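# Provide a 3D model corresponding to the input given below.
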Amino acid sequence: MRHMGRRNFRWICLLIGLTVLLNAGLVSLPGPVQADSMEGDSAGAGVYEQLKAGKRLLQDKEYAAPEQPTVYLTFDDGPSRLTDRVLDILRDEDVKATFFALGEEAEKWPDAVKRIVKEGHSLGNHTYNHVYNELYSGFDAFWEQIQKSETLFYKQTGVRPKLIRAPGGTYGNFDPFYFYYLDRAGYTLFDWNIDSGDARRAGVKASEIVGTVEKGPFREEMIVLMHDGTGHEETVKALPEIIRLFKDKGYAFAPLTDKVKPALMAPGKSKWPRTYTKESFEKATAAAVAHASVYEPQPQAPNAVPIPVLEPEPAKAAAAPAHKVPLTLQLGGLRWQMDEGGYLFKDGRFLVPLRQLIERMGGMVVWEDKSRTAVAGYGLYRLRYDTARHELLMMKPGFRFKKFSMAQMELHDGYLFVPLRTTVEMLGSEVTGYMLGSEEREVDVALRHQLSFFHSSMKSV
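Numbering: from 1, shown residues only. Reported below is the predicted structural model:
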């Protein structure tokens, strides 16, 4: 799935259309999915039937074996007031680790999340609230929580975690569809092969935690489960001795990455009754592959015009006519004010920076530098702006897509400006009012927050 450049969009079209592209040989599917052949059916009846039959289908990936025995210390359920103490110990011991954080807790402890990333540890996604009945009632709820936390982490740190750990582990909680969708979305899923036992019951003593880890079993690569959430003071106390234990055994320490071979629990019968349909499978797969495009590397040419990843303040369009009158957008409950030069007003239309608009709506934008295109995603909607051809390709639920010639698409000082009303309406939202005054301009936008792909499959689009 890496190094695909302009093929990112072909992948989206492949899985939201029929199999014309497959039959034409434009795209090949890696691993077991390819072997099962998706020809003759819109998303691969063979794959769907195998998943229903309980077969776990994952893409073939290459992993890098460490040069020496390596342990990956992992911490779940944080951040909390204990996370800084854990980070202090890791810093003093010169050890890097992995933190599978909850979005709900990250909202309370944003500085801890930022410190995790700043000090070189890996940040993983542990869903938003860790509530089993919600997460495992159906994949749509699990996906929504992963996306909610991912958006939060991105706003806090500029990082979209590719690593996921399922609350309670995958055994008995995941079925083949969960594995398949997350794999296609570009995520790497990790269980563990040593459970420290620090969450076995309330108040497990540090000595017991160390004793559990001491029992192993020890392998070339070890993933150790611990917790830095509220109530795990004893884990903090045990941590220095656990680090010494592995150092004495000659282990190196490293954070998890998508290049580390995952430790996954053996398949087990799901404890949660779920129902899947072929329609939901097709839409879920399309949405998963569309999400994977955000992880594709974007090459930077020496004289490229970049679209910044993070924009803390509204852009200044140096080459555009300045406006003395500020523009205020009401995006649902968010108030966004752009000062002079931060927007354009041409032929009675407002043009605003695409990335700032989409991210404030809760979506994401990927810039493909080689082709000079921007792909904006909001829920199941995708807009692809080709600045070289001044073309817009719109995709929406129901797998329909349309191409438009779009004259009002302008690059200024590294920012892509697009028509406000046209953009929000193409993403399923609506401009509900506006005010054009001599000293102030204001536009109200009603955001139609997109349902997950499973919910949307129950509606006609």
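# Name the helix or strand for residue 367, please.
Assigned by DSSP states H and E, residue 367 falls within strand 364-368.
# ignore the last one, residue 147
helix 139-157.
# Can you name every helix or strand that that helix contacts?
Other elements packing on helix 139-157 under the criterion 3 or more CB pairs under 8 Å, 6 or more residues apart in numbering; DSSP states H and E are helix 103-108, helix 110-118, strand 122-125, helix 132-135, helix 176-184, helix 278-292, helix 453-456. (Glycine included, C-beta is placed from N, CA and C.)
# What average pLDDT does that helix get?
On average, the pLDDT along helix 139-157 is 94.
# buried ones in that helix?
139-154, 156-157 (16 or more other CB atoms under 10 Å).
# For this protein, give me the ranges with low pLDDT.
1-45, 295-324, 340, 347, 397-401, 405-407, 438, 449-461 (pLDDT under 70).
# Any idea how far apart the tips of stretch 428-447 sit?
From the first residue to the last, stretch 428-447 extends over 8 Å; the measure is CA to CA, to the nearest Å.
# Can you name the residues bridging to the residue nearest to residue 417 when sequence neighbours are not counted?
Setting aside the residues directly before and after it, residue 417 is nearest to residue 351 in space (CB to CB, 6 or more residues apart in numbering), at 4.2 Å. Here residue 351 sits in beta bridges with residue 344, residue 419, going by DSSP bridges.
# Residue 351 against residue 343, yeah?
Yes. With contact defined as CB atoms under 8 Å, residue 351 counts as touching residue 343 (6.4 Å).
# circling back to that earlier point, which helices and strands sit right next to the helix or strand following the helix holding residue 147?
Downstream of helix 139-157, the first helix or strand assigned by DSSP H and E is strand 163-164. When contacts are defined as 3+ CB pairs under 8 Å, 6+ apart, strand 163-164 packs onto strand 98-101, strand 122-125, strand 188-189.
# Not counting its own residues, what contacts strand 163-164?
For strand 163-164, contacts defined as CB atoms under 8 Å, 6 or more residues apart in numbering pick out 98, 100, 122-126, 146, 182, 187-190, 256-258.
# now do 10 Å
Identification of contacts with strand 163-164 by CB atoms under 10 Å, 6 or more residues apart in numbering yields 74, 98-100, 122-127, 142, 146, 149-150, 170, 182, 185, 187-190, 255-258, 260, 262.
# Which residue comes closest to residue 274 once chain neighbours are left out?
residue 138 (5.6 Å).
# related to what we said a few turns ago, list the contacts for the residue nearest to residue 417?
317, 320, 343-345, 408-410, 412, 416-420, 422-423.
# which one of the helices and strands packed on strand 163-164 is the most hemmed in?
Greatest average neighbour count among those goes to strand 98-101 (a mean of 29), per mean count of other CB atoms under 10 Å.
# Give me the sheet partners of that strand and which way each runs.
Strand 98-101 has the following strand partners under DSSP bridges: strand 70-76 (parallel), strand 122-125 (parallel).
# Next one: residue 188 from residue 330, what distance?
39 Å (CB to CB, to the nearest Å).
# Ok, residue 65 next?
Residue 65 sits 53 Å away from residue 330 when distances are taken as CB to CB.
# More neighbours: which of those two?
Shown here are residue 65 and residue 330; by other CB atoms under 10 Å, residue 330 has more neighbours (17 against 10).
# from memory the more buried one sits against residue 443, does it?
Yes. Using CB atoms under 10 Å, residue 330 is in contact with residue 443, at 7.2 Å.
# what touches both of the two?
What both residue 330 and residue 443 touch, as defined by CB under 10 Å, 6+ apart, is the set 336, 432-434.
# tell me the contacts of residue 76?
98-102, 124, 126, 130, 165, 167-168, 192, 198-199, 225-229, 232.
# so of the shared contacts of residue 330 and residue 443, which ones are in strands?
336, 432-434 (DSSP state E).
# For residue 72, give its distance to residue 222.
Residue 72 is 7 Å from residue 222, by CB to CB.
# Name the residue in the two with the higher neighbour count.
Remark: of residue 72 and residue 222, residue 72 carries more neighbours, 24 against 21, as counted by other CB under 10 Å.
# Relative to residue 99, how far out is the more buried one?
On the measure of CB to CB, residue 72 and residue 99 end up 12 Å apart.
# list residues touching both of those two?
What both residue 72 and residue 99 touch, as defined by CB under 10 Å, 6+ apart, is the set 122, 255-256.
# Nearest to residue 390 among the residues you listed?
Residue 390 has its nearest neighbour among the shared contacts of residue 72 and residue 99 in residue 122, at 40.8 Å by CB to CB.
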